[in-house]
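Chemist: give me a 3D structure for the following:
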Amino acid sequence: MLKRLFDIFFSLIGIILLLPLFLIISLLIIIDSKGGIFYIQQRIGKNGKPFGLYKFRTMHTNADKKGLLTVGGRDPRVTKVGYWLRKYKLDELPQLFNVLKGDMSIVGPRPEVKKYTDLYTEEQRRVLSVKPGITDYASIEYVDENDVLARAENPEETYIKEIMPHKLELNKKYIQNQGLGTDIKIILLTIKKIIR
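Modeler: As a prediction, this is how the structure comes out:
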């Protein structure tokens, strides 16, 4: 209950304070490329329930049909404005609306697409017992994930066999130690990482 109140309060405050930035980003997206301002992708939430995750659109329209993983900072599917939005994680800001709706929390395991959750072992599926979040230990650890995948010979295989299992271990660490204190610590670490 306390976590939900925390999520409602901070998502509302965040949306109100960031509204001018939302408007600027929306305008830049419209000027930069054809297509909508937002991109909604189906992700898997608590108890395996699918939901629409909101992001600012950073790719050219229908670019996701060419693959779900973004590889490298200069993926040709990514727009000019999209590159900067991704670099500073600004494309994730609309997820504050997901938090307000109750699909997500501020802090929790990052939600995956069904293609990858279908590969989870029974043990790994424990991460679906809590609400997914905007940030977590794995987000901090893999802030440069796109660049890591760009250096891989087979990005898809590297993600499935190396990155995803490690992320899930970090998610389990969060679940075992979750609480308001842990959430505040992760939020501060995320802000520090983005600034760096």
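Chemist: which residue ranges form the helices in this structure?
Modeler: 2-32, 80-87, 95-101, 114-117, 137-141, 145-151, 155-158, 164-176, 180-195 (DSSP state H).
Chemist: what about stretch 96-105, average pLDDT?
Modeler: Averaging pLDDT along stretch 96-105 gives 98.
Chemist: can you pull the buried residues of the lowest-mean-pLDDT helix or strand in the chain?
Modeler: Every helix and strand in the chain was compared by mean pLDDT, DSSP states H and E; the lowest is helix 145-151, with a mean of 80. Neighbour counts over helix 145-151 (16 or more other Cβ atoms under 10 Å) mark 145-146, 148-149 as buried. Where C-beta positions appear, they are placed from N, C-alpha and C, glycine not excepted.
Chemist: make a markdown table out of those residues and add distance to residue 185.
Modeler: A markdown table is the format used below for the buried residues of helix 145-151 (distance: Cβ to Cβ, whole Å):
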| residue | distance to residue 185 |
| --- | --- |
| 145 | 21 |
| 146 | 25 |
| 148 | 24 |
| 149 | 27 |
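Chemist: which one of those residues is nearest residue 62?
Modeler: Checking those against residue 62 by Cβ to Cβ gives residue 146 as the nearest, at 19.9 Å.
Chemist: just checking, the closest one touches residue 89?
Modeler: No. Residue 146 is beyond contact range of residue 89, at 11.6 Å (criterion: Cβ atoms under 8 Å).
Chemist: how many residues are close by residue 142?
Modeler: 17 (other Cβ atoms under 10 Å).
Chemist: ok, it touching residue 164?
Modeler: No. Judged on Cβ under 8 Å, residue 142 makes no contact with residue 164 at a distance of 10.1 Å.
Chemist: show me where pLDDT drops low in this protein?
Modeler: 63-74 (pLDDT under 70).
Chemist: 90 - rerun?
Modeler: 1-2, 60-78, 86-89, 142-153, 155-156, 190-196 (pLDDT under 90).
Chemist: burial count for residue 157?
Modeler: 10.
Chemist: now it: how far from residue 163?
Modeler: 10 Å (Cβ to Cβ, to the nearest Å).
Chemist: just residue 109 next, same as before
Modeler: Counting by Cβ to Cβ - residue 109 and residue 163 are separated by 14 Å.
Chemist: these two - which one has more neighbours?
Modeler: residue 109 (26 against 19).
Chemist: what number of residues lie near the residue nearest to the more buried one when sequence neighbours are not counted?
Modeler: Spatial nearest neighbour of residue 109, excluding adjacent residues (Cβ to Cβ, 6 or more residues apart in numbering): residue 171 at 3.9 Å. The number of residues packed near residue 171 is 23, by other Cβ under 10 Å.
Chemist: residue 129 is in contact with residue 171, correct?
Modeler: No. Residue 171 lies out of contact with residue 129 (Cβ under 8 Å); the separation is 10.4 Å.
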